[in-house]
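J.: quick one, structure for this:
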Amino acid sequence: MKVSIVTVCFNSASTIGETIESVASQNFTNIEYVIVDGKSNDGTLNIINDSLQKLPKNTLVISENDRGIYDAMNKGLAKSSGDVVGFLNSDDVFADPNAIDLIAKTFEESDAAIVYGNIVYTASNDLASVTRYWRASHPPASGMRFGWHPPHPAFYVKRDVLIKYGGFNLDFKIAGDYEMMVRLITKFGLKAAWCDHLIVRMREGGASNAGISAIWNANRECWKAWEVNGLKPSLALLIGKLSWKAYQRLGPKK
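T.: Numbers count the residues shown, from 1 in each chain. I've put the predicted structure just below:
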């Protein structure tokens, strides 16, 4: 099995070095790494190029203008050739050198089209300082109707599935990853398997959590994600999402 990891970045010089190190440290050997840079001007590309020797032999770097993060992710998907594809943001890191090996083994041991793991949120300036633990769990498929969904940074999908059912919807600016999960898991009923291990450390401060306005817009897009797929959302969806987040923040951190 070949696993493609896609990292999109723009002016990520302060964090991408750690992201790259975490990819380079993976024990799984059959990795393809696709980096899609949006024409950074802060030295990001220099850091990437200086790191090529330590990265997997199958590493591809693209640097060109794009129409936003989901357009860049679609470019990475189109250039990938792995059996399985996942997306690691340029300010996130793999939590363990065995992270991809664990994801691959879960695919091999199940007949799932999707495998997802656990993540932690950390302070933006300290990857060791955990602020929120997202233990994904494995509820019934109906769980998404009540606010549950897998953490996208630890969400891996068979590439042929993504090609068949489509990549990221560019009508979404914040919740394109969520829309994809609604489409794959709820609309098309694809089987997903839970890898109960910590896969990714994710810095706080993402686009969907950057203030009250961003949270409002993200939830509005989450509602829209159901509607564009011909599904009917309910108030239980938003209540459930807020409850999950509250539990993750207030509950155990490991």
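J.: against which helices or strands is the strand ranked longest in the chain packed?
T.: Using DSSP state E to define each element, the chain has its longest strand at strand 192-203. Identification of packing neighbours for strand 192-203 by 3 or more CB pairs under 8 Å, 6 or more residues apart in numbering; DSSP states H and E yields strand 92-94, helix 99-109, strand 114-123. In this view, the C-beta of every residue, glycine as well, is placed from N, C-alpha and C.
J.: contacts for the second one?
T.: Identification of contacts with helix 99-109 by CB atoms under 8 Å, 6 or more residues apart in numbering yields 1, 3, 5, 26-28, 31, 84, 86, 94, 96, 112, 115, 117, 154, 156, 158, 193-195, 197, 199-200.
J.: for the stretch 151-254 of the chain, which segments count as helices?
T.: For the stretch 151-254 of the chain, the helices defined by DSSP state H, counting those that start in this stretch cover 159-165, 176-181, 212-227, 235-250.
J.: how close does the most centrally placed residue in the chain sit to residue 42?
T.: Among the residues of the chain, the one closest to the centroid is residue 153, at 2.6 Å (CA atoms, centre = their mean). Counting by CB to CB, to the nearest Å, the gap from residue 153 to residue 42 is 23 Å.
J.: could you pull out the strands for the stretch 1-150 of the chain?
T.: 3-9, 31-37, 58-63, 84-87, 92-94, 114-123, 126-134 (DSSP state E, counting those that start in this stretch).
J.: grab the nearest non-local neighbour of residue 80.
T.: Of all residues not flanking residue 80 in the chain, residue 4 sits nearest, at 3.7 Å (CB to CB, 6 or more residues apart in numbering).
J.: quick one: pLDDT of the spatially closest residue to residue 157 that is not a sequence neighbour?
T.: Excluding the flanking residues, the one nearest residue 157 by CB to CB, 6+ apart is residue 114, at 5.2 Å. As predicted, residue 114 sits at a pLDDT of 97.
J.: residues in contact with residue 114?
T.: Applying CB under 8 Å, 6+ apart, we find residue 114 in contact with 150, 155-158, 161, 184-185, 190-193.
J.: so which of these is the closest to residue 22?
T.: The closest of the contacts of residue 114 to residue 22 turns out to be residue 156 (CB to CB; 15.5 Å).
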